[in-house]
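Chemist: compute the structure for the input listed below.
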Amino acid sequence: MASQELIGFLRSVDEKCAQYAQLLQAGTFTDRLELSAADKFDLEALGVPKGAAGLIMEAAQGTGDKTFDEAGLAELLSGLDHVPSPEEAKDMLLSYEPQRKIPVVRLADQYLPGLGSLDWDWCGHQTVNQASSAPDWDLFGYQAVNKTPGTPTVVEELDFPDMLIWAEGATFYIGEDKGKGDIAEAREDVRRYMRGGLPKMAYGEVPYIFAHAAAGSKVQLGLIMADGQVDWMGVLDLVEHCNRAMFVSALVAMVGIIRRLVGKLPPDEFRRKLLYIEDRGHGVAIQFLGDRVKKTILNFPKWSAKHAPHSSKKPAFNVLTSVYDVCNNTSGALVRTVHSMPPTLNTRTDTYTVDLQLCGPPVRPRTAEHVISLAKSCCTATAGLHRAKLVHRDFRLGNVVRTSNVEGLYTVIDMEHAGMAGQKWTLEKLRDWDEGTLDKDGRYVPSSDVYQIGIMLHDISGGINMPSQFDDMVKQMLQKSISAEKACQMLP
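Modeler: Down below sits the predicted model:
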């Protein structure tokens, strides 16, 4: 809780220093000693070295060299964006000095300098909290947020860590608690969750994120390296008062480091809340892991009855097995499963699961070259399905994603609505379908896929100067007078 003098001084220097001032909250102090201790603590929590912190405090209170105001402060603060090495980070986490009392039962926003500058949130096991405040931590644990009545229960049946903290759209902290169990088991769970490491596409140059393992009164902090290895620090027994203070101090330092790490992230659209379970509705969930994307459908018989025109769960599952077999044998245009493994259906729980290779986000093409590249991927993917007498059924821009960080490479995803060609459609129509999608007999046929791709290409090419050959191809797709294979041949 900084002094008004320090906050006002930082704001007066330059724009960058004003940003740091916004991270500090003003407090009320009874004497100069308490004021100085608070300012020193908050500056060091932001990463200002001890010597520099003293100079800044002198200048803020009117006793320092005034030439320091403009010339020296910005230079001293320029190092705050430096991402510490793993060894430096561990030193920062465990360099507690008892400069003032720190609450150890509740961590609210005012005890975590830096949260104000981050778009951050957290979730606990079997719950998802969308509130903006920090979690209530009972020493090393947390109080789970009660689920709202009627909320889908998909997260309750899936495996994810006991705690996640993310900032700016990326997971930066995972925690695993074993209650009265063995802390070694908690460490092993963290290792298992992170065996794929930090996906380069989603984390860019971020060298590590944070973790804790806890059991009983013991907690252990660690750094999860980019390759998935976990560098654990010493075990803290929170029965000891000094260890409780050290643990909370380490969390404060961690938030300061996360502020720097977010600068290493790739653009927003590539970031991922690693291990977080995204509930897509209707019992469908997506979970991004370090080396794969896990897609799960709870109660697959119920889902297939509403979303796939098959008489029972077994034909629907068999068709999806055939669909992914085509995906794994079509050159890059269709999403592939990890190690070419087929989907699985748990006959006891009726849970459908498929592990997919990582892809990028859906991105609207911005140039004629990229539009043509997207069209080639869609037509190649469709031709492969049609040769196997299968159809995709859900072609739209949201289901065509970047293959990697490289622009101009695209992959078709979301195969769960795919099925046998020519079936009469009696269920609710999918998004982006119109009166021209089905044939005159109400069947979804191969030309229906071509038509849906034509609608998408017509939309995304609007305002872009496209070759006449491309325009002719789109026109024929909308007329259903061309096959996907022929469309591939027409593309320039």
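Chemist: burial count for the nearest residue to Gly398 once chain neighbours are set aside?
Modeler: Nearest residue to Gly398 in three dimensions, chain neighbours excluded: Pro362, at 5.0 Å (CB to CB, 6 or more residues apart in numbering). Where C-beta positions appear, they are placed from N, C-alpha and C, glycine not excepted. As a burial measure, Pro362 scores 15 neighbours (other CB atoms under 10 Å).
Chemist: confidence score at Pro362?
Modeler: As predicted, Pro362 sits at a pLDDT of 87.
Chemist: cool, and the one 10 residues further on?
Modeler: pLDDT, Ile372: 96.
Chemist: shaky segments in the stretch 101-250 of the chain?
Modeler: Scanning the stretch 101-250 of the chain with the threshold set as pLDDT under 70 gives 101-158.
Chemist: can you give me the helices in it?
Modeler: For the stretch 101-250 of the chain, the helices defined by DSSP state H, counting those that start in this stretch cover 183-193, 200-203, 241-261.
Chemist: a markdown table for those helices, including distance to Gly384 and mean neighbour count?
Modeler: What follows is those, written out as a markdown table (distance: least, CB to CB, whole Å; neighbours: other CB atoms under 10 Å):
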| stretch | distance to Gly384 | mean neighbour count |
| --- | --- | --- |
| helix 183-193 | 34 | 18 |
| helix 200-203 | 24 | 20 |
| helix 241-261 | 41 | 20 |
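Chemist: I'd like to know which of those helices lies nearest to Val400.
Modeler: Closest of those to Val400 is helix 200-203, at 16.5 Å (criterion: CB to CB).
Chemist: may I have the closest one as CSV, with CA atoms only?
Modeler: Extracted C-alpha coordinates of helix 200-203, given in CSV (Å, rounded to 0.1, in the frame of the first residue of the first chain):
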residue,chain,number,x,y,z
LYS,A,200,5.2,-22.8,-28.9
MET,A,201,2.2,-21.6,-30.9
ALA,A,202,0.3,-20.5,-27.8
TYR,A,203,3.2,-19.3,-25.6
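Chemist: mind checking the SS state of Lys294?
Modeler: strand (DSSP: H, G, I helix; E, B strand; the rest coil).
Chemist: give me phi/psi at the closest residue to Thr171 other than its chain neighbours?
Modeler: Leaving aside its chain neighbours, Thr171 sits nearest to Leu274 (4.0 Å; criterion: CB to CB, 6+ apart). Dihedral angles of Leu274 (phi, psi; degrees, to the nearest 10) stand at phi -60, psi 130.
Chemist: swap in Tyr410?
Modeler: For Tyr410, the backbone dihedrals (degrees, to the nearest 10) come out as phi -130, psi 150.
Chemist: which SSE is the closest residue in space to Trp433 that isn't next to it in sequence in?
Modeler: Nearest non-adjacent residue to Trp433, counting by CB to CB, 6+ apart: Gln452, 7.4 Å away. Assessed by DSSP states H and E, Gln452 sits inside helix 446-460.
Chemist: the protein - how does it break down into domains?
Modeler: 4-81, 86-270, 292-490 (automatic domain parsing).
Chemist: could you dump the ones you listed to a markdown table with distance to Gly283?
Modeler: What follows is the domains of the chain, written out as a markdown table (distance: least, CB to CB, whole Å):
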| stretch | distance to Gly283 |
| --- | --- |
| domain 4-81 | 42 |
| domain 86-270 | 6 |
| domain 292-490 | 4 |
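Chemist: which one of those domains lies closest to Asp279?
Modeler: Per CB to CB, nearest to Asp279 of these: domain 86-270, 5.0 Å.
Chemist: just to revisit the earlier point, of all the helices of the stretch 101-250 of the chain, which lies closest to Asp394?
Modeler: Closest to Asp394 of the helices of the stretch 101-250 of the chain is helix 200-203 (CB to CB; 23.6 Å).
Chemist: run the chain-centre distance for the closest one.
Modeler: 10 Å (CA atoms, centre = their mean, to the nearest Å).
Chemist: over to stretch 251-258?
Modeler: On CA atoms, centre = their mean, the centre of stretch 251-258 falls 19 Å from the chain's centre.
Chemist: ditto for stretch 359-370
Modeler: For stretch 359-370, the distance to the chain centre is 20 Å (CA atoms, centre = their mean).
Chemist: then stretch 265-273?
Modeler: On CA atoms, centre = their mean, the centre of stretch 265-273 falls 7 Å from that of its chain.
Chemist: what about dumping the CA coordinates of it to PDB?
Modeler: Taking C-alpha atoms only, stretch 265-273 is exported to PDB below (Å, rounded to 0.1, in the frame of the first residue of the first chain):
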ATOM      1  CA  LEU A 265       3.200 -14.100 -25.500                       C
ATOM      2  CA  PRO A 266       2.200 -14.300 -29.200                       C
ATOM      3  CA  PRO A 267      -0.700 -12.300 -30.500                       C
ATOM      4  CA  ASP A 268      -4.000 -12.600 -28.700                       C
ATOM      5  CA  GLU A 269      -5.700 -15.000 -31.100                       C
ATOM      6  CA  PHE A 270      -3.000 -17.700 -30.500                       C
ATOM      7  CA  ARG A 271      -3.100 -17.700 -26.700                       C
ATOM      8  CA  ARG A 272      -4.600 -20.600 -24.800                       C
ATOM      9  CA  LYS A 273      -5.900 -21.200 -21.300                       C
END
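Chemist: that one: which residues count as buried?
Modeler: Neighbour counts over stretch 265-273 (16 or more other CB atoms under 10 Å) mark Leu265, Pro266, Phe270, Arg271, Arg272, Lys273 as buried.
Chemist: quick check: the third one vs Arg402, distance?
Modeler: Separation of Phe270 from Arg402 (CB to CB, to the nearest Å): 8 Å.
Chemist: anything in contact with each of those two?
Modeler: Gly360, Pro361 (CB atoms under 8 Å, 6 or more residues apart in numbering).
Chemist: which residue ranges of the stretch 101-250 of the chain form strands?
Modeler: Along the stretch 101-250 of the chain, the segments classed as strands by DSSP state E, counting those that start in this stretch run 120-124, 163-167, 170-177, 208-215, 218-225, 230-237.
Chemist: circling back to that earlier point, what about the residue nearest to Thr171, how many neighbours?
Modeler: Counted by other CB under 10 Å, the residues lying close to Leu274 total 26.
Chemist: how close does it sit to Pro343?
Modeler: For Leu274, the distance to Pro343 - CB to CB - is 22 Å.
Chemist: and Val219, how many residues sit next to it?
Modeler: By other CB under 10 Å, neighbour count at Val219 equals 24.
Chemist: okay, and the beta partners of it?
Modeler: With DSSP bridges applied, Val219 shows beta-bridge pairing to Ala214, Leu236.
Chemist: check contacts around it.
Modeler: Phe140, His212, Ala213, Val235, Leu236, Leu238, Phe247.
Chemist: number of residues surrounding the third one?
Modeler: This means Ala213. Other residues within reach of Ala213, judged by other CB under 10 Å, total 29.
Chemist: do Val338 as well
Modeler: Neighbours of Val338 using other CB under 10 Å come to 16.
Chemist: wait, doesn't it sit right on Gln357?
Modeler: Yes - the criterion here is CB atoms under 8 Å, and Val338 meets it with Gln357 at 5.9 Å.
Chemist: which residues are common contacts for those two?
Modeler: Contacts common to Val338 and Gln357, judged by CB under 8 Å, 6+ apart, are Arg292.
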